[in-house]
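Visitor: With the sequence up front, the predicted model follows.
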Amino acid sequence: MNGIILFEDEHLLAVNKPSGINTHKPDRFAPDGIHEWLTKRETRWRTLSILHRLDKDTSGVMVFGKTASANQSLAHQFESHRVEKTYLLLSAARPTRLRFRAKSPNAVTEFALLEQHGELSLIEARPVTGKTHQIRRHAADNGFPILGDELYGGPAAPRLMLHAHTIAFDHPASGQRVSFTASVPRAFDEIDPLIAALEFREVLFDSDTNVCRLISGAADGFPGVVVDSYAGHLLVQWQTESATRGKPELLGRLTGQPSVRAVFEQIATKQSRTPPQCVWRDGSSVSRDAGAGPATGRRFAEAPAPRLMARECGLTFLVNFGEGLSTGLFLDQRENRRRLRATRLEGKTVLNTFAYTCAFSVAAANAGAATTSVDLSRNYLEWGKDNFRANDLDPGAHEFVVGDAFEWLKRFGKRGRSWDVVIVDPPTFSTTKRGRVFQAARDYEDLAALAMPLVARGGRLLCSTNQRTLEAEDFEKCIRAAARRSGRVIESAEFETLPFDFRVAPSERPYLKAWWIRLD
């Protein structure tokens, strides 16, 4: 979070909001806004108050109040127009005047042309009032729509080129004038979708996390392409045949980034999914029969590479590109692992079904829980034990069960066992031990009904699915139906979805849906 936090004292929190993130979530099934994201991270931020808003696609400085007195003072300053805000914008058109005031009913904006930015104009905007889309409307109405603002006639760009640069007001405690500045985005100088995508992630993460989604398909301007980074080792997924047309150029640009140590690629279309293949490592291309890499070079041995140590929210996870179709860590579950780790679990128990390499179990054990991990693959559970050891956790103090999760849920129920937290995160499609094909949309209610009796009174159940065709509303209905079947009462239900780096295009809905359920 080092790149987001600009200033904090006991009264205020000033942040640098990235472009593409709402001030607050627009509906209960949408990804978090910056407000929700902050309030979930630190106890001292749980009561942050929203005093002003930025559009989703506008980046820059925002201020939140931390106390009732600060909220009252700043609200009064905003209402009386004593808060000074300065924005920067880029336009392909040049204003006809160097300085002028734009007016519309109940809205006034002061504009000043600062300089020519190549063929673009860098313009300063000072809103005197605070109407929705005021700057964007006034810029368009006066002949210089903002680059990337297609809603108001601006030319296409990797992002909306509007940035809240500074904010100034009287400090609510001292009364002294204070000012906070969010530095000008690099994307203003290099108008390029890759630069915008990289910069977005750089703001979000600090040294505690070196794994993230670098490119999230069309949302980052690369339809059909997904790129994940694991400690500088990139996995490029080509999700459509058409996406591969830009392969040489994109791979060349990715390998040119100073932090990149290796690049792997994988076909991940609806029709087929191939194991990751290395195409570049440590400055040299890898020769392959398919010729997918940039220039050819030395051939690497086919033996699996050693597992890499990756960091996520301060925990270490071992990942590998040669042990199956996935790397050993599902990055889209980061927020749920963070939430589990932030829960008070000393002396508590956690059951992790479909455990894979036990990332949820590691997070729970780190928080003090005794864990039980169930998975059909002995190899993945052994990998999970290695993840425990990588975090100085003794796997011998925890339980690892090899077998079909459905069968074990039934066995645990017959034995009368219960846990304080039960995690159910099955694959979208899988085959049970008895050969039945599990489909989340059809079978999740039955699965949840098996899990709920195992949750201790007052305990929690995490139900998660990544099936795109199962809508969040329908997923909630099936969980509530499972509660009725199992005779349990849902005391609370909180929805989680994709983290910020898994950006979603305007035409898409987040595929990950997770419910944290507290049961009586």
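Guide: Yes, it's here.
Visitor: what's near enough to touch Leu48?
Guide: By CB atoms under 8 Å, 6 or more residues apart in numbering, Leu48 lies in contact with 13, 35, 38-39, 64-66. From N, CA and C alone the C-beta is placed, and that goes for glycine too.
Visitor: can you tell me the helix or strand for the residue lying closest to it once chain neighbours are set aside?
Guide: Spatial nearest neighbour of Leu48, excluding adjacent residues (CB to CB, 6 or more residues apart in numbering): Phe64 at 4.2 Å. Element membership for Phe64 (DSSP states H and E) is strand 59-65.
Visitor: can you list the residues that contact that strand?
Guide: Contacts of strand 59-65 from elsewhere in the structure, counted by CB under 8 Å, 6+ apart, are 6, 11-19, 23, 34-35, 38, 45, 48-52, 54, 71, 74, 87, 159, 162-167, 169, 172, 180-182, 185.
Visitor: Who are the packing partners of the very next helix or strand once past that strand?
Guide: Moving toward the C-terminus from strand 59-65, the next helix or strand (DSSP H and E) is helix 68-79. Helices and strands touching helix 68-79, by 3 or more CB pairs under 8 Å, 6 or more residues apart in numbering; DSSP states H and E, are strand 59-65, strand 162-170.
Visitor: For these, give me TSV that also has mean neighbour count and mean pLDDT.
Guide: Shown next, in TSV, are the helices and strands packed on helix 68-79 (neighbours: other CB atoms under 10 Å; pLDDT from 0 to 100):
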stretch	mean neighbour count	mean pLDDT
strand 59-65	25	98
strand 162-170	21	98
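Visitor: The ones you listed: which one's closest to Ala342?
Guide: Closest of those to Ala342 is strand 59-65, at 19.8 Å (criterion: CB to CB).
Visitor: Extract the C-alpha trace of the helix or strand containing Val227 and format it as PDB.
Guide: Using DSSP H and E, the element containing Val227 is strand 225-230. Presented in PDB, the C-alpha positions along strand 225-230 are these (Å, rounded to 0.1, in the frame of the first residue of the first chain):
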ATOM      1  CA  VAL A 225      -4.600 -12.100 -23.000                       C
ATOM      2  CA  VAL A 226      -4.000 -12.600 -19.300                       C
ATOM      3  CA  VAL A 227      -0.500 -12.200 -17.700                       C
ATOM      4  CA  ASP A 228       0.200 -13.100 -14.100                       C
ATOM      5  CA  SER A 229       3.500 -12.300 -12.400                       C
ATOM      6  CA  TYR A 230       5.100 -14.600  -9.700                       C
END
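Visitor: any residues touching it, and which ones?
Guide: With CB under 8 Å, 6+ apart as the test, strand 225-230 has contacts from 210-217, 234-239, 243, 246, 250, 254, 260, 268, 308, 310, 319, 327, 329, 331.
Visitor: who does it pair up with?
Guide: Its sheet considered, strand 225-230 pairs with strand 211-216 (antiparallel), strand 233-238 (antiparallel) by DSSP bridges.
Visitor: coming back round to it: with distance to Glu382 added, can I get the helices and strands packed on helix 68-79 in TSV?
Guide: Output for the helices and strands packed on helix 68-79, formatted as TSV (distance: least, CB to CB, whole Å):
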stretch	distance to Glu382
strand 59-65	44
strand 162-170	49
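Visitor: Tell me which of those lies nearest to Ala367.
Guide: strand 59-65 (27.1 Å).
Visitor: Strand partners (parallel or antiparallel) of the closest one?
Guide: Note on strand 59-65: by DSSP bridges, its sheet partners are strand 12-17 (antiparallel), strand 49-50 (antiparallel), strand 162-170 (parallel).
Visitor: residue ranges for the strands of the stretch 51-200 of the chain, please.
Guide: Listed in chain order, the strands of the stretch 51-200 of the chain (DSSP state E, counting those that start in this stretch) span 59-65, 84-91, 99-104, 107-117, 120-127, 162-170, 177-181.
Visitor: could those go into TSV alongside distance to Glu190?
Guide: Listed next are these as TSV, based on distance: least, CB to CB, whole Å:
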stretch	distance to Glu190
strand 59-65	15
strand 84-91	12
strand 99-104	28
strand 107-117	11
strand 120-127	12
strand 162-170	14
strand 177-181	21
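Visitor: Specify the stretch among the ones you listed that is closest to Gln439.
Guide: strand 59-65 (40.6 Å).
Visitor: that older thread, state the separation between the strand holding Val227 and the centre of the chain it belongs to.
Guide: With CA atoms, centre = their mean, to the nearest Å as the basis, strand 225-230 stands 13 Å off its chain's centre.
Visitor: ranking the strands of the stretch 51-200 of the chain by burial, who's on top?
Guide: Mean neighbours per residue, mean count of other CB atoms under 10 Å, is largest over the strands of the stretch 51-200 of the chain for strand 59-65, with a mean of 25.
Visitor: Name the residues that touch the helix ranked longest in the chain?
Guide: The single longest helix within the chain, with elements called by DSSP state H, is helix 472-486. Outside of helix 472-486, the residues within contact range by CB under 8 Å, 6+ apart are 29, 441, 444-449, 452-453, 463, 465, 489-490, 493, 495, 497, 509, 513, 515, 517, 519.
Visitor: Of all the strands of the stretch 51-200 of the chain, which one comes closest to Lys348?
Guide: So among the strands of the stretch 51-200 of the chain, strand 59-65 is nearest, using CB to CB, at 32.0 Å.
Visitor: So which of the helices and strands packed on helix 68-79 is nearest Thr109?
Guide: strand 162-170 (12.0 Å).
Visitor: what's the burial count for Glu199?
Guide: Residues near Glu199, counting by other CB atoms under 10 Å, number 21.
Visitor: Does it touch Pro185 like I think?
Guide: Yes: counting by CB atoms under 8 Å, Pro185 is a contact partner of Glu199 at 6.1 Å.
Visitor: Gly224 and Val279, how far apart?
Guide: Look at Gly224 and Val279: by CB to CB, to the nearest Å, they are 18 Å apart.
Visitor: Equivalent analysis for Glu79, please.
Guide: Distance of Glu79 to Val279, given as CB to CB: 57 Å.
Visitor: who has more neighbours, the two?
Guide: Taking neighbours as other CB under 10 Å, Glu79 and Val279 compare with Val279 leading, 23 against 10.
Visitor: Tell me the secondary structure of the more buried one, please.
Guide: Secondary structure, DSSP: H, G, I helix; E, B strand; the rest coil: Val279 is strand.
Visitor: Break down the stretch 201-350 of the chain into its helices, ranges please.
Guide: Using DSSP state H, counting those that start in this stretch, the helices of the stretch 201-350 of the chain run over 247-255, 334-342.
Visitor: who wins for proximity to Leu409 among those?
Guide: Of all these, helix 334-342 sits nearest to Leu409, with 19.4 Å by CB to CB.
Visitor: Quick one: list the elements packing against that closest one.
Guide: So helix 334-342, by 3+ CB pairs under 8 Å, 6+ apart, packs with helix 359-366, strand 455-465, strand 490-496.
Visitor: Tell me which of the helices and strands packed on helix 68-79 lies nearest to Leu381.
Guide: Taking CB to CB, strand 59-65 is the member of the helices and strands packed on helix 68-79 nearest to Leu381, at 43.2 Å.
Visitor: Pretty sure Leu235 is one of the things Ile267 touches, is it not?
Guide: No: in this structure Ile267 lies outside contact range of Leu235 using CB under 8 Å: 11.9 Å.
Visitor: higher neighbour count, those two?
Guide: Using other CB under 10 Å as the criterion, Ile267 and Leu235 rank with Leu235 on top: 23 against 19.
Visitor: Not including adjacent chain positions, what is the nearest residue to Ala218?
Guide: Ala505 (4.2 Å).
Visitor: surely the one you found meets Phe222?
Guide: No: counting by CB under 8 Å, Ala505 does not reach Phe222; the two are 10.6 Å apart.
Visitor: Would you mind telling me which of these two has more residues around it?
Guide: Taking other CB under 10 Å, Ala505 and Phe222 do not tie; Phe222 has more neighbours (20 against 13).
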